[in-house]
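Asks: Structure, please.
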Amino acid sequence: MQRMSIPRQCAILVGGLGTRLGKLTADTPKPLLDCGGRPFLAWIIRELTRFGIEEVVLLASYKSERVRSFAREVAPFLPKPIEIKLSVEPQPAGTGGAIWHARQYLDEQFMLVNGDSWLDVNLARFLARVDADRDALGHVLVHHVPDAVRYGVVEMTGRQITAFRERPSRSGADVTNAGIYVFRRELCDFLVPDCSLERDILPVLAARGLLSGHTLDGYFIDIGVPADYVRANRDIPARLRRGAVFFDRDGVLNEDLSWVGTRERFRWMEGAGRAVRLANDLGYHAFMVTNQAGIARGLYTMQDLVALYHWMLQELRQGGATLDDWRFCPHHPEASIAQYKLVCACRKPQPGMLLTLIEAWDVDVSASLFIGDKYSDIAAAERAGVAGHLYDGRCPLDEFLAKAIGKREALPAEPEQVKPLGLAALRSRVSSPSRRDSLR
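Replies: Numbers count the residues shown, from 1 in each chain. Coordinates of the predicted model:
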């Protein structure tokens, strides 16, 4: 069978009635219920964007007009743009039927998730395992639960799923389906217009040896019953307001060979991929912030830099890691290209790149740190209120990050301690860049 690449599209099941929630879902689809000031579904979509999902297909039925409104209004809750499509069943068709009715919208490979539950794990690890498995039609993320009574049980031999058992009659720990999948579009050949993916289709695929199971354990929430919906309102905003690891690029993620703007001149630092994956595994956002005055000097173009970044992402994701987002500054006051010749509030040692990421992703600054190789990096971190750590390359980056996370002590900027600036203050005050970083 053809090898699957890491998907860019996710279909989300949002059509259930949510009857166990009573009056809460009388006029609102369950995934759209408020959770800490935003719809629960908005949290899910935000998390998906961290792992390379660029397009979402909402599989709607119940109160579909509310889902359509959500699709138009969700942008302020998301840190970066994402395309949203809507597929509405002509009548309630079950979870498998919802996919069948959306088949014309689906990529050759796509993620599928439930819109009313979430497993908080490093999905890049799951997607990397999917990409490495050439044989399965579908991949199911499974996890251990202390009590499987509500969820049913997944049986596996190695990574091959052999059966799905109904909910056990007695309480007890077991392995269960997390409701997160990757399928090839050939799944639709097994579907009919009205069927249940869980009851009718997955057992058939398992019996034919077409499903692979991948175990990752983490915080799981399903808002299908009132007690867990209350718990979600308490837990989700607290858990998903994450700390961040901000990585400089040259001299931290890659060797500083001066003006690295293309793949041909790029060399990873030892332990760089493992460091990003460590940040992902520990529940941090992973961001890259980088001065790129090579653009201002005409040594490479902005398009070259963006292409290099996407190649970096591909490399990282093949290894089970991801960069959630990035910022770069192409400006310099001594630029040879006029459009980039200016004093910029984002160029380190100014903190603009960090502050825009903090604002977009609602980052917990107190739990964040910056890994840089110059004192201008440390100064930018200090001004953003983030703990800065100076990396000299003498040990693998993942080892350095592990120690930095363990102590999270900020280094003073040189030559003096600088005070944190808020985003509003930064916009009204632009300082000259440090000569230490001239044309870097």
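Asks: Now tell me what touches stretch 392-403 from outside.
Replies: Stretch 392-403 is contacted from outside by 245, 251-253, 269-272, 274-275, 277-279, 371, 373, 389, 391, using CB atoms under 8 Å, 6 or more residues apart in numbering. For every residue, glycine as well, the C-beta is placed using N, CA and C.
Asks: what do you get for stretch 357-364?
Replies: Outside stretch 357-364, the residues touching it (CB under 8 Å, 6+ apart) are 79-80, 241-244, 246, 285, 287, 289, 324-325, 327, 365, 368, 384, 423.
Asks: Restricted to strands, list the residues you listed.
Replies: Among these, the members found in strands (DSSP state E) are 244, 246, 285, 287, 289, 325, 327.
Asks: got a list of what the first one touches?
Replies: Right, the one you point to is residue 244. Counted by CB under 8 Å, 6+ apart, residue 244 has contacts 284-287, 357-358, 361, 363-364, 368-369, 386.
Asks: Now with 6 Å, please.
Replies: Contacts for residue 244 (CB atoms under 6 Å, 6 or more residues apart in numbering) come out as 284-285, 287, 363, 368.
Asks: what does the third one give?
Replies: Residue 285 makes contact with 242, 244, 324, 361 under the criterion CB under 6 Å, 6+ apart.
Asks: which pair in these spans the largest distance?
Replies: Largest separation among the contacts of residue 285 by CB to CB: 242 and 324, giving 9.1 Å.
Asks: Quick check: which element contains residue 155?
Replies: strand 153-157 (DSSP states H and E).
Asks: who touches that strand?
Replies: Here strand 153-157 has contacts from 142, 162-163, 165, 174-175, 177, 213, using CB under 6 Å, 6+ apart.
Asks: If we use 7 Å, what do you get?
Replies: Contacts to strand 153-157, defined as CB atoms under 7 Å, 6 or more residues apart in numbering, come from residues 140, 142, 161-165, 168, 174-177, 213.
Asks: repeat for stretch 129-142
Replies: Contacts for stretch 129-142 (CB under 7 Å, 6+ apart): 1, 3-6, 119, 126, 154, 161, 175-178, 180-184, 186-187, 205, 210-216, 318.
Asks: Can you find the helix or strand in this structure with the smallest mean pLDDT?
Replies: helix 423-428 (a mean of 42; mean pLDDT, DSSP states H and E).
Asks: picking that back up, so between residue 242 and residue 324, which is more surrounded?
Replies: Counted by other CB atoms under 10 Å, residue 242 and residue 324 do not tie: residue 324 has more neighbours, with 25 against 21.
Asks: got the contact list for that one?
Replies: 50, 285-287.
Asks: For it, which non-adjacent residue is spatially closest?
Replies: residue 50 (4.4 Å; CB to CB, 6 or more residues apart in numbering).
Asks: Can you give me the distance of that neighbour to residue 209?
Replies: Distance check for residue 50 against residue 209: by CB to CB, to the nearest Å, it reads 32 Å.
Asks: Helices along the protein, start to end?
Replies: 40-49, 64-73, 94-101, 123-132, 202-207, 226-240, 272-281, 293-296, 302-318, 352-361, 375-383, 397-407, 423-428 (DSSP state H).
Asks: nearest to residue 26, of these?
Replies: helix 64-73 (11.6 Å).
Asks: then the closest one to PDB, C-alphas only?
Replies: The C-alpha trace of helix 64-73 is given here as PDB (Å, rounded to 0.1, in the frame of the first residue of the first chain):
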ATOM      1  CA  SER A  64     -26.000  22.700  11.800                       C
ATOM      2  CA  GLU A  65     -26.800  26.500  11.500                       C
ATOM      3  CA  ARG A  66     -25.000  27.000  14.800                       C
ATOM      4  CA  VAL A  67     -22.000  25.100  13.500                       C
ATOM      5  CA  ARG A  68     -22.000  27.300  10.400                       C
ATOM      6  CA  SER A  69     -22.000  30.400  12.600                       C
ATOM      7  CA  PHE A  70     -19.200  29.000  14.600                       C
ATOM      8  CA  ALA A  71     -17.100  28.500  11.500                       C
ATOM      9  CA  ARG A  72     -17.600  32.200  10.600                       C
ATOM     10  CA  GLU A  73     -16.800  33.500  14.100                       C
END
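Asks: Would you mark the buried spots in that helix?
Replies: The neighbour-count check on helix 64-73 (16 or more other CB atoms under 10 Å) flags 64, 66-67, 70-71 as buried.
Asks: And residue 186, how far from residue 277?
Replies: 31 Å.
Asks: Show me which of those two is the more surrounded one.
Replies: Legend: neighbour count by other CB under 10 Å for residue 186 and residue 277, higher for residue 277 (22 against 14).
Asks: What is the burial count for the closest residue in space to that one that isn't next to it in sequence?
Replies: Leaving aside its chain neighbours, residue 277 sits nearest to residue 321 (3.6 Å; criterion: CB to CB, 6+ apart). Using other CB under 10 Å, residue 321 is surrounded by 24 other residues.
Asks: that older thread, quick one, which of the helices of the chain gets closest to residue 258.
Replies: helix 293-296 (8.4 Å).
Asks: How about residues contacting the closest one?
Replies: Residues contacting helix 293-296 (CB under 7 Å, 6+ apart): 259, 261, 300-302, 305, 330-332, 335-337, 340-341, 439-440.
Asks: tell me the mean pLDDT over that helix?
Replies: For helix 293-296, the mean per-residue pLDDT is 94.
Asks: How far does it sit from its chain's centre?
Replies: The chain centre lies 29 Å from the centre of helix 293-296; the measure is CA atoms, centre = their mean, to the nearest Å.
Asks: again with stretch 11-21
Replies: 23 Å.
Asks: Check stretch 138-156 too.
Replies: 23 Å.
Asks: Do me a favour and get the end-to-end distance for it?
Replies: From its first residue to its last, stretch 138-156 covers 14 Å (CA to CA, to the nearest Å).
Asks: Got the domain ranges for the protein?
Replies: Recorded structural domains for the chain (assignment: automatic domain parsing) are 9-240, 244-433.
Asks: Could you pull up the mean pLDDT of the longest one?
Replies: Here the mean pLDDT over domain 9-240 is 92, rounded to a whole number.
Asks: Pull up the distance across that domain, start to finish.
Replies: 22 Å.
Asks: ok, now stretch 371-387?
Replies: 9 Å.
Asks: Repeat that for stretch 57-65.
Replies: 15 Å.
Asks: Residues touching that stretch, excluding its own?
Replies: Contacts of stretch 57-65 (CB under 7 Å, 6+ apart): 9, 11-17, 27-29, 67, 71, 84-89, 92, 98-99, 102, 105-106.
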